[in-house]
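Q: Pasting the sequence and the predicted coordinates here, then a few questions.
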Protein chains: 2
Amino acid sequence: MTSGAPRQVLSQRIAAQLEERILLGRIAAGARLDEVALARSFGVSRTPIREALQSVVARGLAVRLPYRGVLVSEISPDRIDQLFEAMGEIEALCGRFAAERMTPEERTALRAQHAEMSVLAGAGDAEGYEAANTRLHQIIYAGSHNADFAEMAEAMRLRLSPFRRSQLADAPRMDRSDAEHARIVAAIVGGDGLAAESALRRHLLSAAQTMREKWRTLRAEPVPPRSRAS
Amino acid sequence: MTSGAPRQVLSQRIAAQLEERILLGRIAAGARLDEVALARSFGVSRTPIREALQSVVARGLAVRLPYRGVLVSEISPDRIDQLFEAMGEIEALCGRFAAERMTPEERTALRAQHAEMSVLAGAGDAEGYEAANTRLHQIIYAGSHNADFAEMAEAMRLRLSPFRRSQLADAPRMDRSDAEHARIVAAIVGGDGLAAESALRRHLLSAAQTMREKWRTLRAEPVPPRSRAS
DNA sequence: GATGATTTGTACGTATGTATA
DNA sequence: ATATACATACGTACAAATCAT
């Protein structure tokens, strides 16, 4: 009976921290993740750093160029569109199956989550709304009753998070999102798979649209990358 | 005191070999991948072994329990159904987008690949047919013109490969597969996204059915391994 | 339940291969 | 083109945790 602390492994904790830094934008796209520098910064040896970097690469947040290092993934506008498109289709898939398979308890939880979010939206609590939004969508993933769908959706959500930062910061966005959620939840609770599918697709399309606008204004001046073409 | 050994990227070659062994069933599900044993067996140190194992875990072929080791993923019948379901939906997705977006050259390549496969099916070349089948589906993934769809489809295909072993071994299966491919290719080349989607879904459903039967007969003796929880 | 054996996790040293001056 | 610099890849030693007795 080992009732000790969760005793998480170093490399995993470091991987999580690196991911968070990347997703929060503290480490810019295109930046090199230097093993020795990170080792010093974390006060550990290079071994756990290496394993953490491998994990980060495996999740698609960075790429490893042979003998050049690990670079935080730089993403082209076209790539962003693909990401949102994929996310939309995967979410639509989850919604369709969730509408067909959710248990009564899951449907109740979904409605409760949405009700809670409407309150947050009304109160203008953007941060709380964002967090609740993630949970709402995760409820839908789980409702698909298919671990692979849920896993793919989570992976896509992770990859997209750098571009979703403070996307719902303003009240109009939250209201619009809340209205879209109402249709999604109604379709799922009502067991209408096709309606849920198209409602989710539309929802993600509008999210992509919002993001595109903000993204464009945000990076008016791009950071000059050390392009080293051979 | 390090003897000068040929330096290359061992971990990747080892990861590939381990994957192949798992996928071919040479390493059984539930087995523990012992680091020192593998290191001895490959004649290398534990370091590249550890990195290879991380790669195997990242691809979903095994799981790592902290301080306990890496276990080859054990898969329940329900889980297999989920895998095939997910594969079917992802392929259907790729097919729909491919029908809408493939370039003329890609459509030509798709038709050529199918024609080649019909010959192989007629000749009863099961091995060649299986390899060509993978390429056909990969052409469809690429035709979706979305790197995320393609990546997800590839990942699913990898995870399913243990259960697809010699699935198309007999001529009737190949003929049926070839007929289904004909509909899929016609729909995609003709630009009918919805038809491609449903044709691919049906194709995977029938593949799942075939697999289920074979799998059931293979392990007619249900070995209930009460593997320790979590 | 405590102790020893086994295995995983981390630290660190060194050689190799690429890129750059 | 040769050489230097430097980051990566592998090996080995030690520490921590699990398991078996």
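A: Good, I have the coordinates. Residues are numbered from 1 along each chain as shown, chains lettered A, B, ... in the order given.
Q: Remind me which helix or strand the spatially most central residue of chain A belongs to.
A: The central residue of chain A, meaning the one whose C-alpha is nearest the mean C-alpha position (C-alpha atoms, centre = their mean), is A:Arg157 at 2.6 Å. Secondary structure here is read from DSSP states H and E; on that basis A:Arg157 sits in helix A:147-164.
Q: Name the surrounding residues that touch the helix or strand where A:Pro172 lies.
A: With elements delineated by DSSP H and E, A:Pro172 resides in helix A:171-189, which encompasses its position. The set of residues that contact helix A:171-189 without belonging to it, under C-beta atoms under 8 Å, 6 or more residues apart in numbering or on different chains, is A:95, A:98-99, A:102, A:107, A:110-111, A:114, A:117-118, A:120-121, A:124, A:126, A:129, A:133, A:136, A:140, A:143, A:167-168, A:193, A:195-196, A:199-200, A:202-203, A:206-207, A:210. Bear in mind the C-beta positions are built from the backbone N, C-alpha and C, glycine included.
Q: Ramachandran angles for A:Gly69?
A: The phi and psi values for A:Gly69, taken as degrees, to the nearest 10, are phi 120, psi -180.
Q: residue of chain A with the smallest distance to DNA strand C?
A: Proximity to DNA strand C, evaluated over chain A using C-beta to the nearest atom of the strand, is greatest for A:Leu10 at 2.6 Å.
Q: Hmm, A:Gly43 and that residue touching each other?
A: No - with contacts defined as C-beta atoms under 8 Å, A:Leu10 does not count as touching A:Gly43, sitting 10.4 Å away.
Q: neighbour-wise, which of these two wins?
A: Residue environment comparison for A:Leu10 versus A:Gly43 gives the larger neighbour count to A:Leu10, 15 against 6, counting by other C-beta atoms under 10 Å in any protein chain shown.
Q: Just list the residues touching the residue lying closest to the more buried one once chain neighbours are set aside, thanks.
A: With C-beta to C-beta, 6 or more residues apart in numbering or on different chains as the measure, A:Pro48 is the residue that lies nearest to A:Leu10, at 4.4 Å, once sequence neighbours are left out. By C-beta under 8 Å, 6+ apart, the contact list for A:Pro48 reads A:9-11, A:14, A:42.
Q: Please tell me the pLDDT value assigned to A:Pro48.
A: As predicted, A:Pro48 sits at a pLDDT of 93.
Q: tell me which element it falls in.
A: Of the helices and strands defined by DSSP H and E, A:Pro48 is found in helix A:46-58.
Q: wait, does that helix make contact with DNA strand D?
A: Yes - on the criterion C-beta under 7 Å from any atom of the strand, helix A:46-58 is in touch with DNA strand D at A:46-47.
Q: Quick one: distance of that helix to the chain centre.
A: Once both centres are worked out by C-alpha atoms, centre = their mean, to the nearest Å, helix A:46-58 turns out to sit 21 Å from its chain's centre.
Q: now stretch A:153-165
A: Taking the mean C-alpha point of stretch A:153-165 and that of its whole chain, the gap between them comes to 2 Å (C-alpha atoms, centre = their mean).
Q: And stretch A:103-119, by the same measure?
A: With C-alpha atoms, centre = their mean as the basis, stretch A:103-119 stands 21 Å off its chain's centre.
Q: Same check on stretch A:32-50?
A: Its chain's C-alpha centre lies 26 Å from the corresponding centre of stretch A:32-50 when counted by C-alpha atoms, centre = their mean.
Q: And for stretch A:16-33?
A: The gap between the average C-alpha position of stretch A:16-33 and the chain average comes to 14 Å, counting by C-alpha atoms, centre = their mean.
Q: again, but for stretch A:197-208
A: Taking C-alpha atoms, centre = their mean, one finds stretch A:197-208 lying 15 Å from the centre of the chain it belongs to.
Q: Many thanks, have a good one.
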